[in-house]
Structures are given as structure tokens and as C-alpha cells.
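Peer 1: this one's sequence-less:
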Ligand SMILES: [Zn+2]
Ligand SMILES: [Zn+2]
């Protein structure tokens, strides 16, 4: 069983657990290395670090940022960022402002569809965390407009949903620079390379490497053996770091377990040795 999980979310973004509860769960499940990678915020990390004190669990500071790469939404993970870097924190603030803007637009579209929810209700569900579509979904469920998260995204919030609003996010190259300037290591999250042939996949990967990408999330909660082997091959070809994680969201994605994803995730321990070396830790 994997004892490493480098991709998890807390209620500071779209996970259901508090940082403390997540750390406790990771420990109970036998993990000894955990990264918290909330969307657009590092605010959960202080609480998580306190919770991990005294436990045989190393907490790796992380983040997940949305980017655009060649017209497609692409996620970037950053590890070992200097959390106190004021420029980086100001950039995150800017990203969170665009999220709020998008949420307001979605609510307007919902109103036009006679779905009456308010920003205050969504903010209440989001709590102190980065606001996102899953929080709107929660309100839709609570108010009886939909039965569950899946229906909320299919009918309203997903890319084919009636109230979908595209979020404008920075280019991958820019986000790679932000992470690097904050002393972090940029890693491409869950690389699907969907719809790309072998040649285009290599070209895309090369472009990101030229932009400063340092690694690939080769092991992922829902990846097939084939996806893993393609990403391993690319990582070797471009001499990239390899990471892995479940993308755990707690009860919001109940099919994914911490550490093991859908059951077969197993992040090798040497992954962490290389990541630490790269970060100079
Ligand atoms: Zn992601
Ligand atoms: Zn994630």
C-alpha cells in the first residue's frame, strides 16, 4: 500500500475535510508523507502543520493552480513553495478574485433558469476556503434543485451544463513562473494528453519543459496502467521528476480514497527522495 499521497484537498478549497481531519485520516491510513494541494490557496497549511506535529507524518506544502495550455484547461501542482512569499500570495489573491467573479456569473445564469440561490448561501458553504463550483452544487443539493453533485454538474455547472461559465485563467507558462519564483517545483497535474497522438503529446510536453516544467504527476487516483506507462515514458524522455497522488476530496468524491485512489494507487518512495533533492530539502 502506498504510504505517500502528494495530491489532496481540504475545505480550504473543494475538499470536505478540515486540514486537521485530513492529517488525522492520512495518519490512520498509514501514510507517512502527505501533501495538501488546495486550489489557489495555501491557507490550510498552517493548521495542517500544527495537526501533523508529533505524528510520524511529513507534510509537504503544496498547491494546485488552474492554467490554460493550448486552449485547454490544465492543472499545475507546486511543491515546496515559500508560503510567506508576498508576491506569490498577492498572485493567489488575484486568482481567487477571478473565481468569485465567475461564481457571480454562474448565479446570474441560474437565476435566469429560475434557480434561486444567492452568493451569500454559496459563500456560507465555502466557509474560509477558495470558492468553487462544488460549493454551488452543495447549495443546489441542500435546496432540493438536484439530488447530488453529479446531477448538479451535468445539468448546470459542468462544461455542458445550462449555467456553465468559463473561467479565465493564466497561461501554463505564467503559472510555472509564479511557482518557480516562489521557490517551488512546478509539476503537471494528472496529465491526460487526451485526444493527442504520440507525436503531439511529446511536442506538448517539450513545450512545457521549455517553459520551466519540472515534473509530471505520473501516478494518479484514477489512472489506468496504460496512462501511467505513457507518463513514465515521457518523464524519462525529458528527465522530469515523477510525483503521484490520489486527488482526494473527501466525501465530495467518495470513490477516491486517500493514499490509494480507486484502490490501486501506489506512489513509490523514491519519488519523494527526488522531489526533496530538487527542492534542496
Ligand atoms: Zn486537478
Ligand atoms: Zn486536485
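Peer 2: Everything's here; your move. These figures come from a predicted structure and were not determined experimentally. Ligands and ions are numbered 1, 2, ... in the order given.
Peer 1: Get me the contact residues on the stretch 151-281 of the chain for ligand 1.
Peer 2: residue 189 (Cβ under 5 Å from the ion). Using the backbone N, CA and C atoms, a C-beta is placed for each residue, glycine as well.
Peer 1: Check the contact between residue 162 and residue 152; I expect there is one.
Peer 2: No: taking contacts as Cβ atoms under 8 Å, residue 162 lies outside contact range of residue 152: 11.2 Å.
Peer 1: Compare the two and say which is more crowded by neighbours.
Peer 2: Shown here are residue 162 and residue 152; by other Cβ atoms under 10 Å, residue 152 has more neighbours (23 against 14).
Peer 1: how far away is that one from residue 196?
Peer 2: 30 Å (Cβ to Cβ, to the nearest Å).
Peer 1: For ligand 2, give me its nearest residue in the stretch 1-150 of the chain.
Peer 2: Ligand 2 sits closest to residue 64 of the stretch 1-150 of the chain, with a gap of 4.7 Å, by Cβ to the ion.
Peer 1: Give me the phi and psi for that residue.
Peer 2: phi -130, psi 130 (degrees, to the nearest 10).
Peer 1: Next one: the spatially closest residue to it that is not a sequence neighbour from residue 83, what distance?
Peer 2: Excluding its sequence neighbours, the residue lying closest to residue 64 (Cβ to Cβ, 6 or more residues apart in numbering) is residue 37, at 4.4 Å. Distance of residue 37 to residue 83, given as Cβ to Cβ: 13 Å.
Peer 1: and if you look at residue 281?
Peer 2: Residue 281 is 14 Å from residue 83, by Cβ to Cβ.
Peer 1: and what of residue 206?
Peer 2: In terms of Cβ to Cβ, residue 206 sits 31 Å off from residue 83.
Peer 1: Could you check which of residue 281 and residue 83 has the larger neighbour count?
Peer 2: Shown here are residue 281 and residue 83; by other Cβ under 10 Å, residue 83 has more neighbours (17 against 10).
Peer 1: Remind me which helix or strand the more buried one belongs to.
Peer 2: For residue 83, there is no helix or strand it lies in under DSSP states H and E.
Peer 1: And what about the nearest residue to it once chain neighbours are set aside, helix, strand or coil?
Peer 2: Counting by Cβ to Cβ, 6+ apart, residue 83 lies nearest to residue 42, which is 5.0 Å off, once chain neighbours are set aside. Under DSSP: H, G, I helix; E, B strand; the rest coil, the three-state class of residue 42 is coil.
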